[in-house]
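Trainee: this is a predicted model, with the sequence first.
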Amino acid sequence: MSLLNLALQNVSLQRNSMDVNFEYIVKPASSLKKLRDLSERQPNVKTALEESLEPTLSLLKHRFSKLKLHNRNVVVHDAATFEEIKNLSDVLDLFKDTEDSCSVIECNEKNAPKKLKDFIDKHCRARQYSFQIKKCTAQCWYCTLNPKRLPGDNPLHWLPDPTKGPDGTYQSLEDLMDTETTDKDCPGLSLKGTTTDNDKKHKGVLIGGKVRSFIICCLCGKRRVVYSKERLSRLQITDIEEVQDNLLYTCGSSLFPEGHRCYDNVVVTEGLECATEMETTYYAGITTKFLPVCFFCGDIEIDSTSQTVQDLKKNYSIVRPICATCLSRGI
C-alpha cells in the first residue's frame, strides 16, 4: 500500500458530470452500496456512471502503471466484467448439491455445499495476504477432469509464508520452497499491538461508555469499535459508511485521515493488529448493543449450545462468544 500511495501524491480526482437528470437521481445515494443498489435497479444510471468514471479510472490506471518495485512495473488489471463474474459463478455451480436451487456464489460459509467445503479443505490455503488454490495428486473428481499440466516429476508447491530464520531476518523464497510453513511471522499478525500516541490522547474516550458503532477491517474482517464523546450525528454516520464502503479501514490505522472533520471526534483504537482479539468494549452494551461475534476471530456464527460452552457459563460470570472453529482448535 505504501508504494501505491506514491501514485496518489498531489492528485485530485473528480468524475465527469452526467446529464442533469442522472445527477439528480444519484444525489441521494450517499454511499457506494446505495449507488450499486441504484445501478442494479436502473441500468441506464449504471451506464451513465461508468462513462462518467472512465476518465478518472484511466488516470488512476496510468499513474499506478508508472510505479516500479524491484525494477518491475506494477501491473494494473481491469475490474472483472459481468460476463467474467457470471462465468465464475457457473464454474462454482459444479459444486452444488443436486437438491440446491440457488447459485453457490449466493451461499454463505455456513450453508456452502459439502462438495465445495471438501474442495476448499483439500485444495485451498488462505493466508493474511494470499489465497492459493492447488491441484492435488489424488484422484478427486475435479483434478481428474482438470489434471495438473506439469510433468509427474515436477510437484506443485504451496507458496511459502514469510518465515524468519535464526538471526531474526526473513529467509529467501528459494530456501523455503517445498517446506511446510506457517504465517506466524507474517507482518501484521502480532497478537499484541502497540499503544499509539493517539490512543494515549483519546484514553478517556476508548471506553465502554463511549462506544457508538463499529467498522469492519477490510483485511481480516474483524469488527473494530468506533468511539465518540457524543452520540454520532447523521453526517458522522455517513462518513463512517463511506470509509466502510470504500474499504479504507484496516486494523492499526486511524478511522479518518488527519485534517478530516471527524479525525479527533470519532476514533478507533489504533494499537491493534489483525490478529488481535476483539475489544472487550464491543460486548459492553452500555450505549449500544451489537450482534455477538466470536471473541477470537470475529465470526458471526457463534457456538452457544456445545457442552464446553455450557460448562464455562456455569463456572464463570463472563464467557465471551466463540465460534465452532475456534472451539475445535482449543482456543
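Mentor: Sure, I can see it. Numbering: from 1, shown residues only.

Trainee: Ala48 is in what secondary structure piece?
Mentor: Using DSSP states H and E, Ala48 sits in helix 43-65.

Trainee: what helices or strands is that helix leaning on?
Mentor: helix 2-7, helix 20-26, helix 32-41 (3 or more CB pairs under 8 Å, 6 or more residues apart in numbering; DSSP states H and E). For glycine as for every other residue, the C-beta is placed from the backbone atoms N, C-alpha and C.

Trainee: and of those helices, who's closest to Glu277?
Mentor: Comparing these against Glu277 with CB to CB, the closest turns out to be helix 2-7 (26.8 Å).

Trainee: please state the offset of the closest one from the chain centre?
Mentor: Mean C-alpha position of helix 2-7 versus that of the full chain (CA atoms, centre = their mean, to the nearest Å) differs by 20 Å.

Trainee: one more: stretch 88-95?
Mentor: That offset, for stretch 88-95, works out to 23 Å (CA atoms, centre = their mean).

Trainee: export that stretch as CSV, just CAs?
Mentor: Extracted in CSV, the C-alpha atoms of stretch 88-95 (Å, rounded to 0.1, in the frame of the first residue of the first chain):
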residue,chain,number,x,y,z
LEU,A,88,-17.0,-17.9,-12.4
SER,A,89,-20.5,-18.4,-10.9
ASP,A,90,-21.2,-21.2,-13.5
VAL,A,91,-17.9,-22.9,-12.6
LEU,A,92,-18.7,-22.7,-8.8
ASP,A,93,-22.1,-24.3,-9.5
LEU,A,94,-20.3,-27.5,-10.3
PHE,A,95,-20.0,-27.9,-6.6
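
Trainee: who touches that stretch?
Mentor: Contacts with stretch 88-95, where a contact means CB atoms under 8 Å, 6 or more residues apart in numbering, come from Ala80, Ser103, Val104, Ile105, Pro113, Lys115, Leu116, Phe119, Tyr142.

Trainee: and if we set it to 6 Å?
Mentor: Outside stretch 88-95, the residues that touch it by CB atoms under 6 Å, 6 or more residues apart in numbering are Ser103, Val104, Ile105, Pro113, Lys115, Leu116.

Trainee: are any of those residues buried, and which?
Mentor: Among the contacts of stretch 88-95, those buried by neighbour count (16 or more other CB atoms under 10 Å) are Val104, Pro113, Leu116.

Trainee: coming back round to it: what mean pLDDT does the helix holding Ala48 have?
Mentor: Across helix 43-65, pLDDT averages out at 92.

Trainee: helices along the chain, start to end?
Mentor: Counting by DSSP state H, the chain has these helices, from start to end: 2-7, 20-26, 32-41, 43-65, 82-92, 114-123, 141-145, 173-176, 197-201, 234-245, 307-315, 324-328.

Trainee: for Leu88, see how far away the residue lying closest to Leu4 once chain neighbours are set aside is.
Mentor: Distances taken as CB to CB, 6 or more residues apart in numbering place Phe64 nearest to Leu4, at 6.5 Å, with adjacent residues excluded. According to CB to CB, to the nearest Å, Phe64 and Leu88 sit 24 Å apart.

Trainee: which one's more surrounded, those two?
Mentor: Between Phe64 and Leu88, counting by other CB atoms under 10 Å, Phe64 is the more crowded of the two (17 against 12).

Trainee: pretty sure the more buried one contacts Val75?
Mentor: No. Phe64 is beyond contact range of Val75, at 9.0 Å (criterion: CB atoms under 6 Å).

Trainee: where does pLDDT dip in the stretch 151-300 of the chain?
Mentor: Counting by pLDDT under 70, the stretch 151-300 of the chain contains low-confidence ranges at 152, 187-193.

Trainee: do a quick rundown of the strands in it.
Mentor: Per DSSP state E, counting those that start in this stretch, the stretch 151-300 of the chain carries strands over the ranges 211-216, 223-228, 266-267.

Trainee: tell me which of these lies nearest to Ser304.
Mentor: Here strand 223-228 is closest among the strands of the stretch 151-300 of the chain (CB to CB), at 18.2 Å.

Trainee: ok, Lys34 to Ile120 distance?
Mentor: The gap separating Lys34 from Ile120 is 32 Å, by CB to CB.

Trainee: what of Tyr263?
Mentor: 41 Å.

Trainee: Val293 now?
Mentor: Distance of Val293 to Ile120, computed by CB to CB: 22 Å.

Trainee: more neighbours, these two?
Mentor: Remark: of Val293 and Ile120, Val293 carries more neighbours, 23 against 14, as counted by other CB under 10 Å.

Trainee: once you drop chain neighbours, what's closest to that one?
Mentor: Once flanking residues are discounted, Val293 sits nearest to Ile300: 5.2 Å by CB to CB, 6+ apart.

Trainee: neighbours around the one you found, how many?
Mentor: 15.

Trainee: so Val267 bridges to which residues?
Mentor: Counting by DSSP bridges, Val267 forms beta bridges with Tyr227.

Trainee: pretty sure it sits against Lys229.
Mentor: No. With contact defined as CB under 6 Å, Val267 does not reach Lys229; the gap is 9.7 Å.
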